[in-house]
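Participant: test case, fold it:
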Amino acid sequence: MSTIASTDQTFEHLFDPISLGGLNAKAAMLERLDNKYVVEIATLRHAAESLATQFDVLEIDGRRAFTYETCYFDDDGWQSYFDHHQGRRRRAKVRIRRYVEAGLCFLEVKLKDKRGVTVKKRFAHDLAMFGHLDATALGHIEDAYRDLYGLTFPYALSRVIDMRYRRMTLVAKEGGERMTIDSGLRFFTPEAAHAVDSHLFIVETKSANGNGMADRVLRALHQHPTKHCSKYCMGVALLNEGTKHNRFLPALRKLGGMRPGPAMAVA
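Facilitator: Next up, the predicted model:
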């Protein structure tokens, strides 16, 4: 049984379900302020009691936790990674995400506007092309970057890292606020892999102002946002020994239970 399947059952029954159609009818939250937290399971159980009065949980065909497979793209010099490390406002993160149970696949381009707000552009992607950027995908990336920054996309992209995890999605009963709870996180390349300890969860809150209901619940339990906790950047730092990672050190320390595992083949 997967990590999240065994731990979800201790609190998932507290939440009312919401369908995918119901979720999509709410605000898409494609422009939002995000906070990420590294939370232990005991704290998450306490938080769930309060969260359940304000949030519903996404449920599809009786499932409340879903497998996500994601591959990230960067250039030969890891420029996207180092743009994040240096805190540059103008930066981009490109990934293809596969929703395993639903059989869906999307290309996503994540950018930062001048207010520091995350802007995510998402495009349908052929499931059979998971891990590959064709001319259509490259055109979407170029257009998204030019629309926001007025410039040509600067990276020559190739597939550099994959990850897999299980996710629960909470949706506010009122308004467009969301919260995701990720567990069983595993980063891998053809040469190496790292897995997050099973008692640690990465929780992300998504709200219009970065101070939503979920943030207040977590603060009441003495939880504070973990800065610079990009999954992509964590994976690059962990799988590439010697890569500069000072900016990500606090997050890496919180995920200090990560242990090396055997290499996994890229699908």
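
Participant: quick one, helices of this protein?
Facilitator: Here the chain has its helices, by DSSP state H, at 3-8, 20-25, 41-51, 79-85, 135-149, 213-220, 231-239, 249-254.

Participant: out of those helices, which is closest to residue 183?
Facilitator: Proximity to residue 183 (Cβ to Cβ) singles out helix 3-8 among those, at 4.1 Å. C-beta coordinates here come from the backbone N, C-alpha and C atoms, glycine included.

Participant: quick revisit: mean neighbour count, mean pLDDT and distance to residue 57 added to the helices of the chain, as CSV?
Facilitator: Formatted as CSV, the helices of the chain follow (neighbours: other Cβ atoms under 10 Å; pLDDT from 0 to 100; distance: least, Cβ to Cβ, whole Å):
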stretch, mean neighbour count, mean pLDDT, distance to residue 57
helix 3-8, 19, 43, 9
helix 20-25, 12, 85, 10
helix 41-51, 17, 93, 9
helix 79-85, 21, 88, 30
helix 135-149, 16, 96, 30
helix 213-220, 19, 95, 13
helix 231-239, 23, 88, 21
helix 249-254, 15, 82, 25
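
Participant: what's the closest non-adjacent residue to residue 49?
Facilitator: residue 14 (6.6 Å; Cβ to Cβ, 6 or more residues apart in numbering).

Participant: please apply the same query to residue 79.
Facilitator: In space, residue 79 is closest to residue 155, 5.5 Å off (Cβ to Cβ, 6+ apart).

Participant: list the contacts for the residue nearest to residue 49?
Facilitator: 48-49, 52 (Cβ atoms under 8 Å, 6 or more residues apart in numbering).

Participant: now the strands: where do they sit in the stretch 101-250 of the chain?
Facilitator: Along the stretch 101-250 of the chain, counting by DSSP state E, counting those that start in this stretch, strands occupy 104-112, 118-124, 158-172, 178-188, 193-195, 200-207.

Participant: the fourth one pairs with which strands, parallel or anti?
Facilitator: With DSSP bridges as the test, strand 178-188 is paired with strand 158-172 (antiparallel), strand 193-195 (antiparallel), strand 200-207 (antiparallel).

Participant: any idea how far residue 229 is from residue 109?
Facilitator: Applying Cβ to Cβ, to the nearest Å, the value for residue 109 to residue 229 is 20 Å.

Participant: end to end on stretch 227-246, go ahead and measure it.
Facilitator: Length of stretch 227-246, first residue to last, Cα to Cα, to the nearest Å: 12 Å.

Participant: tell me the gap between that stretch and the middle of its chain.
Facilitator: Distance of stretch 227-246 from the chain centroid (Cα atoms, centre = their mean, to the nearest Å) equals 14 Å.

Participant: so what touches it?
Facilitator: 36, 38, 72, 74, 78, 80-82, 84-85, 93, 95, 160-161, 163, 185, 187-189, 191-194, 202, 247-248, 250-252, 254-255, 258.

Participant: just the buried ones among those, please.
Facilitator: Among the contacts of stretch 227-246, those scoring as buried are 36, 38, 72, 74, 78, 80-82, 84-85, 93, 95, 160-161, 163, 185, 187-189, 192-194, 202, 247-248, 251-252, 254-255, 258 (criterion: 16 or more other Cβ atoms under 10 Å).

Participant: pLDDT below threshold where in the stretch 1-150 of the chain?
Facilitator: For the stretch 1-150 of the chain, applying pLDDT under 70 flags the ranges 1-10, 27-32.

Participant: once you drop chain neighbours, what's closest to residue 174?
Facilitator: Nearest to residue 174 is residue 54, by Cβ to Cβ, 6+ apart, at 7.9 Å.

Participant: in contact with that neighbour, which residues?
Facilitator: Contacts of residue 54 by Cβ under 8 Å, 6+ apart are 172-174, 213-214, 217.

Participant: same check on residue 99?
Facilitator: Contacts of residue 99 (Cβ under 8 Å, 6+ apart): 66-68, 105-106.

Participant: farthest pair in those?
Facilitator: 67 and 106 (14.7 Å).

Participant: how about low-confidence regions in the stretch 151-267 of the chain?
Facilitator: In the stretch 151-267 of the chain, residues with pLDDT under 70: 256-267.
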